[in-house]
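[1] predicted structure and sequence below. I'll ask about it afterward.
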Amino acid sequence: MNLDSIETKCFILSLFIRDDGQRFLLGSGAYEFKKDQLHFAANTFQNDIVEVQGDDGTLLAGQVRRASTQVFDGYIGDATVSKSDIEEYRRDFFAFFRKNHFYTVVYIFNDGTAIQRRKGFIVDAPEVKELWQLFPAYHIALNFEDVNYYSYNENAEGEEVYGKSAVVNLSTEVSSGGVIWDEYGATWDSYGLIWEPAGNIGPTIVQVDSVDNVFPIWEVQGPATNPQLSVITTNTTISYTGTVTASQTLKIDMFNKTATLNGTSVIGNVSGDWVCFAPGNNRVVYTASNADAESSNIYWQEIVG
């Protein structure tokens, strides 16, 4: 049930992708929505305040967002569907929504575009109430660890394709003491400002059209020794200790907090921060101990709400 094989409707469909890759579509086919179904339950804001003694008002000490419960209600089949088929659909519904799983919910618009919500978990158990086995009502509700909505794209095989990417050039050193890049892209060594560092490649500018910080995937194709990625804009740096050979690919997923070398976990070799990009222009520096390292790549999905 890939995205390109789903027939869109005049309303928004919900494709559920379980963390083991299984998929389930609500809003079409055997699982139509009720007319009062609404998507995009609003997040709530939790405020920490300090009361002002002896005066009016309060001081805002902190503010965070918490996800609200998103319900999905509809009917299984209709009056033309046999009772045996209704029972089969009911069992499929319960078989998909199971405990101890995370769910990605992909909302499919009528023009075929989609957005997603990640890290959903069940808060209302799957329910199908029935007596006559005639289009019984189903109910399921999720909450989310991640409060954001992201853009979503996938290829013909159903694998998620990141909508945004950038090439990060290798920033070379010009002195034994190394080069320090400031927030404006100027370079400094132990003697002061370097006006024209011959042969030096500076920070790569990465444009992020997102409403909030995004955590990308960083991909390094060898050869690369001790690769390091720094985002000056957000003051975050992540480092890998070791050598990536010419036949290997290092992939560090900042959102899921994983690191693999040709598919094998190497999280023990990673140190520093899980780097993130801020909305707007970001100055990104990629360095390695070997001068023949190729440029690296970064991928991300924009936060749209």
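    Everything's here; your move. Computed from a prediction, not measured in an experiment: that's the story for all the values here. Residues are numbered from 1 along each chain as shown.

[2] only C-alpha atoms for contact and neighbour calcs from this point on.
    Will do.

[3] show me where pLDDT drops low in the protein?
    In the predicted model of the chain, residues 172-201 satisfy pLDDT under 70.

[4] hmm, 50 instead?
    Per-residue confidence for the chain (pLDDT under 50) gives these ranges: 173-185, 188, 191, 193-200.

[5] correct me if wrong: residue 220 contacts residue 250.
    Yes - using Cα atoms under 8 Å as the test, residue 220 is close enough to residue 250 to be in contact (5.0 Å).

[6] find residues that contact each of those two.
    Contact criterion Cα atoms under 8 Å, 6 or more residues apart in numbering; residues bridging residue 220 and residue 250 by contacting each: residue 244.

[7] number of nearby residues for the spatially closest residue to residue 66 that is not a sequence neighbour?
    Taking Cα to Cα, 6 or more residues apart in numbering as the measure, residue 66 lies nearest to residue 44, with 5.2 Å between them; neighbours along the chain are not counted. The local packing of residue 44 (other Cα atoms under 10 Å) involves 12 other residues.

[8] what does residue 134 give?
    Neighbours of residue 134 under the rule other Cα under 10 Å: 18.

[9] leaving out chain neighbours, which residue sits closest to it?
    On the basis of Cα to Cα, 6+ apart, the spatially nearest residue to residue 134 that is not a chain neighbour turns out to be residue 79, at 5.9 Å.

[10] quick check, that neighbour in a strand?
    No - the assignment for residue 79 is coil, going by DSSP: H, G, I helix; E, B strand; the rest coil, so no strand is present there.

[11] all helices of this protein, in order?
    83-96 (DSSP state H).

[12] in it, which strand is the longest?
    strand 114-129 (DSSP state E).

[13] leaving out the residues flanking it, which one is nearest to residue 9?
    On the basis of Cα to Cα, 6+ apart, the spatially nearest residue to residue 9 that is not a chain neighbour turns out to be residue 110, at 5.3 Å.

[14] which ones are touching that neighbour?
    Contacts of residue 110 were listed using Cα under 8 Å, 6+ apart, and they are 8, 9, 10, 11, 12.

[15] can you flag the buried ones in those?
    Among these, those scoring as buried are 8, 12 (criterion: 16 or more other Cα atoms under 10 Å).

[16] residue farthest from the centroid of the protein?
    residue 54 (46.0 Å; Cα atoms, centre = their mean).

[17] and the gap between that residue and residue 103?
    49 Å (Cα to Cα, to the nearest Å).

[18] quick check: bridge partners of residue 127?
    Here residue 127 sits in beta bridges with residue 139, going by DSSP bridges.

[19] and it, how far is that from residue 299?
    Using Cα to Cα, one gets 38 Å for the distance from residue 127 to residue 299.

[20] please apply the same query to residue 251.
    Distance of residue 251 to residue 299, given as Cα to Cα: 11 Å.

[21] overlap in contacts, these two.
    When Cα under 8 Å, 6+ apart defines a contact, the residues bordering residue 251 and residue 299 alike are 217, 218.

[22] what about these two, which has more around it?
    It is residue 251, of residue 251 and residue 299, that has more neighbours when counted by other Cα under 10 Å, with 22 against 18.

[23] which residues touch residue 253?
    With contacts defined as Cα under 8 Å, 6+ apart, the neighbours of residue 253 are 215, 216, 217, 218, 259.

[24] from the residues you listed, which is closest to residue 304?
    residue 215 (13.8 Å; Cα to Cα).

[25] residue contacts, the nearest residue to that closest one once chain neighbours are set aside?
    Take residue 215 and drop its neighbours on the chain: the residue closest to it by Cα to Cα, 6+ apart is residue 276, 4.6 Å away. For residue 276, the residues meeting the contact criterion (Cα under 8 Å, 6+ apart) are 213, 214, 215, 216, 231, 234, 236, 254.

[26] in CSV: those, plus neighbour count and distance to residue 157.
    What follows is those, written out as CSV (neighbours: other Cα atoms under 10 Å; distance: Cα to Cα, whole Å):
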residue, neighbour count, distance to residue 157
213, 17, 29
214, 21, 25
215, 21, 24
216, 24, 22
231, 23, 33
234, 16, 35
236, 16, 34
254, 19, 24
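
[27] out of these, which sit inside strands?
    Members of the contacts of residue 276 lying in strands (criterion: DSSP E): 231, 236.

[28] nearest to residue 290, of the contacts of residue 276?
    Of all those, the one with the least separation from residue 290 (Cα to Cα) is residue 231, at 20.4 Å.

[29] I'd guessed residue 90 sits against residue 75; true?
    No - with the criterion set as Cα under 8 Å, residue 90 and residue 75 do not qualify as a contacting pair; they are 10.2 Å apart.
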